[in-house]
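J.: attaching a predicted model along with its sequence, questions to come.
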Amino acid sequence: MLNYSDIHIQQIPDGFQPTMVIIVDTEEEYDWFADFSRDFTSTDSIDEQWRAQDIFNQYGVKPTYVVDYCMASQGHPRAILKSFYDEGICDIGVHLHPWINPPFDEDINDYNSYHGNLPIDLERAKISALVEKVTDLRGSSPTVFKAGRYGVGVNTADLLTEFGFQVDCSVVPHTDMGEDGGPDFRGLPDRPYWFQNNKILEVPLTKTYFGKLRKGNDFLKKFIEFDIVKALKIRATLGHCNIINQVSLTPEGIPDRELKAMLIQQVGDGRKIFNMAYHSSSLSIDGSPYVKSEAERKILLTRIEMVLDVFINQLGGRVITMQELHDELKLLS
């Protein structure tokens, strides 16, 4: 995983307004349950992004689209993303899916789908090819990075510094992806922190606990992660009874009730920074596992609006871009 030997957790003053950033993993559609393939290059979902962008515009919110090679290299998605960027309604960063990102010098398999597992020269070459496309798209060097599949590795931090990135959002707290070769993020902070000698701000996905027993209770937190506990729906029952559950801040597959409860409780507990993420492909029917019908797409869009309404209008929060958050926190560090 990343070299976190020089972590500096960002201290947030009490008066800091609750702040959310929104990351859209802007990528091709592919079968998440099939083998990885370089043939999966469809970007049809780009034509559906206006559905969420219209909601963002209504709330005066600017998401950060982290764009992979398929989206950055094909003319039609480039034109749509550039129109959003030129209108000033979004920011654009990068998102590396190594199996569709040249150069193609590695075998395609689960292990290599985490780009941090690749040799450093190959990982560097793939980042370089993607940065070149995104720089051309936005007219300036991108500063926000998110690893595809959250697949950072031992060399990734140095490479992010080499390419001038200022923000990374590749970490999923409380999560071990080691079963098929991915990183283990357990034990890392679930709040923003600086690394690489304070050169890069890490803004982890908001993945945390809610319920009456959310504070402390390390045993319960480990207990609800056991597969048998999930399979027997014990975890779901504990969450439904507002005892304890773990939730990620995403409109994909997370019930409204859990998202709302988590936001209210976490703001009440003093959390200041929230990172919501979802996939661009979820705006297209059958583009991801989360949306298989028009009804499910409507649920996802309504859920995005619900999160914004609760956070902004009920909790007094605001939504800014990743780069804006970096600039503000840099002044505080």
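T.: Noted; the coordinates are in hand.
J.: which secondary element of the protein has the worst mean pLDDT?
T.: helix 227-231 (a mean of 54; mean pLDDT, DSSP states H and E).
J.: any weak-confidence spans in this structure?
T.: 1-5, 211-244 (pLDDT under 70).
J.: rerun at 50
T.: 229, 232 (pLDDT under 50).
J.: can you show me the strands along it?
T.: 8-9, 19-26, 64-67, 91-96, 144-147, 167-168, 193-195, 200-202, 207-210, 245-248, 273-279, 318-319 (DSSP state E).
J.: reformat these as CSV; add distance to Glu179 and mean neighbour count.
T.: (Each C-beta comes from the backbone N, C-alpha and C, glycine too.) Shown next, in CSV, are the strands of the chain (distance: least, C-beta to C-beta, whole Å; neighbours: other C-beta atoms under 10 Å):
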stretch, distance to Glu179, mean neighbour count
strand 8-9, 28, 12
strand 19-26, 21, 25
strand 64-67, 24, 28
strand 91-96, 21, 27
strand 144-147, 17, 27
strand 167-168, 23, 24
strand 193-195, 25, 20
strand 200-202, 23, 24
strand 207-210, 18, 21
strand 245-248, 18, 20
strand 273-279, 21, 22
strand 318-319, 34, 18
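J.: now render these as JSON lines, adding distance to Glu48.
T.: Shown next, in JSON lines, are the strands of the chain (distance: least, C-beta to C-beta, whole Å):
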{"stretch": "strand 8-9", "distance to Glu48": "38"}
{"stretch": "strand 19-26", "distance to Glu48": "12"}
{"stretch": "strand 64-67", "distance to Glu48": "13"}
{"stretch": "strand 91-96", "distance to Glu48": "18"}
{"stretch": "strand 144-147", "distance to Glu48": "20"}
{"stretch": "strand 167-168", "distance to Glu48": "26"}
{"stretch": "strand 193-195", "distance to Glu48": "34"}
{"stretch": "strand 200-202", "distance to Glu48": "30"}
{"stretch": "strand 207-210", "distance to Glu48": "26"}
{"stretch": "strand 245-248", "distance to Glu48": "22"}
{"stretch": "strand 273-279", "distance to Glu48": "12"}
{"stretch": "strand 318-319", "distance to Glu48": "21"}
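J.: how about the ones you listed, which one is nearest Arg303?
T.: strand 273-279 (9.4 Å; C-beta to C-beta).
J.: which helices and strands does the closest one pack with?
T.: Applying 3 or more C-beta pairs under 8 Å, 6 or more residues apart in numbering; DSSP states H and E, one finds that strand 273-279 makes contact with strand 19-26, helix 294-308.
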